[in-house]
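A.B. asks: predicted coordinates and the sequence they were generated for:
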Amino acid sequence: MLPMRVALSLLLLASALSACTPAPVSTANSAEAPAPASAIAWRQGDVDDAFAEAADSGKPVLLYWGAVWCPPCNQLKAGLFKDPAFIALTSKFVPVYLDGDEEGAQAWGERFGVRGYPTLIVLDPQRNEITRVAGGNDAAELTRALTVAAGRRSAVAATLATALTTPEQLAAEDWQVLGDYGWEVDANRLAGERNSQDVLRQLSKAAPEAALQRRFALLALATAEKPDTSPTEVRELLQAVLAHPAEVRRNRELLGYAGAQLVKQASTGPATSNTLGQQLLVALERADAERGDRADDALSRALTEVSLARQQQPKGALPATLVDRVKQRVAAADAAATDAHARQATISSAVYALRQVGDDAGAESLLLAELKRSEQPYYYMPELAELAEQRGDTAGALEWLKRAYDGAQGPATRVQWGVLYVEGLLKLAPDDAPRIEQATASLIAELEAQPSGYHQRTRQRFERLAGQLKAWSGKHQGAQTLARLQQRMQQACGNQVDGACRDWLG
């Protein structure tokens with residue numbers, strides 16, 4: 001869902017080039033001019049060194065947190081990270097790529113409060129956060145947001161504090177930074193102990209421009225666990241945004257994944273829902289045409305259409321024309337994804353789309369074919385396990401989960417896929433205590449080899465597994481198994497730098 005918005009991107013790329021390209025050299029000196037960089041000069045995992053260089057150069061650090069298997073990360077690699085204008089823009093930063101599987105990466109992720117892959121954070125040399133943006137957003141929007149951030153040294157937390165107390169003191173650029181912030185995935189990071197929905201509502205009231213007011217209001221609705229805005233207010237907001245093509249382009253990703261839900265919140269009956277849904281689809285199609293009418297955009301719109309149809313008839317069959325349209329767009333997206341990064345970014349969405357229209361056989365066929373092409377085949381195996389489970393093949397489901405764990409690469413990734421395997425055993429083979437214990441002990445051994453591994457995503461997955469093991473133990477007399485696993489974890493924690501895992505299963 002990261003294709004570039006053509007009309008807007010031309011403007012933004014020109015802006016980035018003018019801001020980041022050195023002054024033209026004379027014809028006489030042109031032979032000595034350095035060639036433009038062909039790739040981003042990432043520091044691979046050297047976070048401390050990156051901040052040391054930032055302190056010397058005065059540049060901010062651009063921290064990219066990702067993983068080789070992550071679909072939106074691969075979308076960035078397939079598009080934005082190859083863009084000459086964006087490569088030039090990164091020369092304004094000290095860029096560092098922090099792969100989630102590198103040694104110490106999860107500890108850094110916890111230090112910077114990163115929740116998901118991909119995330120891009122801009123920090124000053126003193127490690128104060130200037131901004132962060134969700135890597136799953138549109139490439140042109142990322143370029144624009146980071147172009148602004150490259151010249152800033154103000155911490156975003158201070159900017160937010162001013163916006164909430166004395167908003168009249170903020171400049172237009174300050175408001176732009178707050179509007180570009182990755183609220184969709186990291187709202188609580190910036191809001192702190194305050195309710196993020198209340199913060200966004202307050203920003204919506206204080207923002208100086210109507211378009212920005214509506215963006216904050218949309219974000220408040222999209223990030224709220226229990227929205228309490230009236231249907232009339234939601235409808236007026238949504239229609240106002242959809243009436244402005246520039247706002248649709250800016251909020252394209254938000255409208256894509258949350259649009260159907262917003263239509264539902266705005267509706268007072270089937271007629272209203274149908275009208276708003278059509279307005280949404282027309283606005284998205286117009287925005288996608290302006291950014292190239294790419295195959296993955298068309299697939300995204302089809303998924304929005306499916307969600308809208310499900311809301312209209314929760315238990316009814318989808319129209320045959322819609323099912324055929326989804327299948328056609330899956331085929332088009334599959335054909336358009338020709339390199340490894342593009343395929344990793346596309347196939348999961350394609351499989352999801354097929355399953356949404358009931359074509360599990362087509363989804364399985366696509367997954368099996370991709371195993372032969374992908375550099376991370378383990379990524380697709382849990383989906384194959386789910387399909388096997390759905391048709392009653394318990395042994396096949398567990399075999400896929402085990403193959404995924406066995407094939408996973410990288411310490412944090414192996415823990416993540418290993419937890420999926422143990423969770424599968426707890427659900428599908430709860431009476432096989434020896435197998436559950438052996439698989440969990442294997443996971444603990446993975447952790448033991450990582451002195452600073454019990455952080456962020458790894459810690460979160462172990463904590464989730466602990467809750468499931470306790471629930472299993474209560475139903476299947478697993479107290480002795482848990483006691484042995486807890487003892488094994490205590491031993492493993494001796495290798496952890498902070499011993500944070502000692503309370504696991506406690």
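C.D. replies: Structure's in. What do you need?
A.B. asks: burial measure for E103, as a count.
C.D. replies: Residues contacting E103 under the criterion other C-beta atoms under 10 Å number 12. C-beta here means a position set from N, CA and C on the backbone, and glycine is covered the same way.
A.B. asks: which SS class is it?
C.D. replies: Under DSSP: H, G, I helix; E, B strand; the rest coil, E103 falls in the coil class.
A.B. asks: does it touch A449 like I think?
C.D. replies: No - applying C-beta atoms under 8 Å as the test, E103 and A449 come out as separate, 10.3 Å apart.
A.B. asks: any idea how far E463 is from P382?
C.D. replies: Here the criterion is C-beta to C-beta, to the nearest Å. By it, E463 lies 20 Å from P382.
A.B. asks: overlap in contacts of E103 and A449?
C.D. replies: P411 (C-beta atoms under 8 Å, 6 or more residues apart in numbering).
A.B. asks: may I ask which helix or strand of the protein has the lowest mean pLDDT?
C.D. replies: When each helix and strand of the chain is scored by mean pLDDT, DSSP states H and E, helix 6-20 comes last, with a mean of 30.
A.B. asks: mind listing the helices for the stretch 251-400 of the chain?
C.D. replies: 252-266, 270-290, 295-312, 320-336, 340-356, 360-371, 381-390, 394-407 (DSSP state H, counting those that start in this stretch).
A.B. asks: check which helices and strands the second one sits against.
C.D. replies: For helix 270-290, the packing partners by 3 or more C-beta pairs under 8 Å, 6 or more residues apart in numbering; DSSP states H and E come out as helix 6-20, helix 231-242, helix 245-250, helix 252-266, helix 295-312.
A.B. asks: right, and the helix or strand after the least confident helix or strand of the chain?
C.D. replies: strand 43-44 (DSSP states H and E).
A.B. asks: and that next one, what's its mean pLDDT?
C.D. replies: Averaged over strand 43-44, pLDDT sits at 89.
A.B. asks: pairing partners for that strand, with directions?
C.D. replies: strand 94-99 (parallel) (DSSP bridges).
A.B. asks: okay, now the closest residue to A298 other than its chain neighbours: neighbour count?
C.D. replies: Counting by C-beta to C-beta, 6 or more residues apart in numbering, A298 lies nearest to R329, which is 4.9 Å off, once chain neighbours are set aside. Residues lying near R329 (other C-beta under 10 Å) number 21.
A.B. asks: ditto for the one 5 residues further on
C.D. replies: Burial measure for D334: 18 neighbouring residues, criterion other C-beta under 10 Å.
A.B. asks: grab the nearest non-local neighbour of it.
C.D. replies: Using C-beta to C-beta, 6+ apart, the closest residue to D334 is A350 (5.8 Å).
A.B. asks: just to check, the one you found is in contact with A332?
C.D. replies: No - contact criterion C-beta under 8 Å: A350 and A332 do not qualify, at 9.7 Å.
A.B. asks: higher neighbour count, these two?
C.D. replies: It is A350, of A350 and A332, that has more neighbours when counted by other C-beta under 10 Å, with 27 against 16.
A.B. asks: what about that one, distance to F112?
C.D. replies: 32 Å.
A.B. asks: all helices for the stretch 51-200 of the chain, in order.
C.D. replies: 71-78, 84-89, 105-111, 139-150, 156-165, 172-180, 183-191, 196-206.
A.B. asks: out of the ones you listed, which comes closest to R459?
C.D. replies: With distances scored as C-beta to C-beta, the stretch of the helices of the stretch 51-200 of the chain nearest to R459 is helix 105-111 (7.5 Å).
A.B. asks: ok so, going back, I figured the residue nearest to A298 hits Q356, correct?
C.D. replies: No - contact between R329 and Q356 fails when scored by C-beta under 8 Å: they sit 11.8 Å apart.
A.B. asks: who's in contact with the closest residue to T394 other than its chain neighbours?
C.D. replies: In space, and not counting its chain neighbours, T394 is closest to L428: 4.9 Å by C-beta to C-beta, 6+ apart. Going by C-beta under 8 Å, 6+ apart, L428 touches 389, 394, 397-398.
A.B. asks: which single one of those residues is nearest to L284?
C.D. replies: Nearest to L284 among the contacts of L428, with distances taken as C-beta to C-beta, is E389, at 33.8 Å.
A.B. asks: can you count the residues close to the nearest residue to that closest one once chain neighbours are set aside?
C.D. replies: Leaving aside its chain neighbours, E389 sits nearest to A397 (4.0 Å; criterion: C-beta to C-beta, 6+ apart). Counted with other C-beta under 10 Å, residues neighbouring A397 total 23.
A.B. asks: same check on A317?
C.D. replies: Neighbour count of A317, defined by other C-beta under 10 Å: 11.
A.B. asks: any idea of the pLDDT on it?
C.D. replies: In this prediction A317 is given a pLDDT of 90.
A.B. asks: same question, R189
C.D. replies: pLDDT, R189: 83.
A.B. asks: repeat that for P227.
C.D. replies: 77.
A.B. asks: wait, it touches L221, no?
C.D. replies: Yes - applying C-beta under 8 Å as the test, P227 and L221 come out as touching, 5.3 Å apart.
A.B. asks: need the residues touching each of those two.
C.D. replies: Shared contacts of P227 and L221 (C-beta under 8 Å, 6+ apart): 234, 265.
A.B. asks: now do the nearest residue to V415 once chain neighbours are set aside against V422, distance only.
C.D. replies: With sequence-adjacent residues excluded and distances taken as C-beta to C-beta, 6+ apart, V415 is closest to T458, at 4.9 Å. According to C-beta to C-beta, T458 and V422 sit 14 Å apart.
A.B. asks: with W183 instead?
C.D. replies: Relative to V422, and taking C-beta to C-beta, W183 is found at 34 Å.
A.B. asks: have a look at these two and say which one is more surrounded.
C.D. replies: Taking other C-beta under 10 Å, W183 and V422 do not tie; W183 has more neighbours (28 against 24).
A.B. asks: list the contacts for the more buried one?
C.D. replies: 190, 196, 200, 219, 223.
A.B. asks: and for L425?
C.D. replies: Here L425 is in contact with 398, 432, 435-436, 439 (C-beta under 8 Å, 6+ apart).
A.B. asks: next, format the residues you listed as JSON lines and append pLDDT.
C.D. replies: Formatted as JSON lines, the contacts of L425 follow (pLDDT from 0 to 100):
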{"residue": "L398", "pLDDT": "98"}
{"residue": "D432", "pLDDT": "98"}
{"residue": "R435", "pLDDT": "98"}
{"residue": "I436", "pLDDT": "98"}
{"residue": "A439", "pLDDT": "98"}
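A.B. asks: put the buried members of these into a ChimeraX selection.
C.D. replies: To isolate the buried ones among the contacts of L425 in ChimeraX, judged by 16 or more other C-beta atoms under 10 Å, type:
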select :398,436,439
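A.B. asks: between the contacts of L425, which sits nearest D48?
C.D. replies: Closest to D48, out of all of the contacts of L425 and judged by C-beta to C-beta, is A439, at 35.8 Å.
A.B. asks: quick one: that closest one from W400, how far?
C.D. replies: 14 Å.
A.B. asks: next: L428.
C.D. replies: Per C-beta to C-beta, L428 is found 11 Å from W400.
A.B. asks: with G259 instead?
C.D. replies: G259 sits 33 Å away from W400, taking C-beta to C-beta as the criterion.
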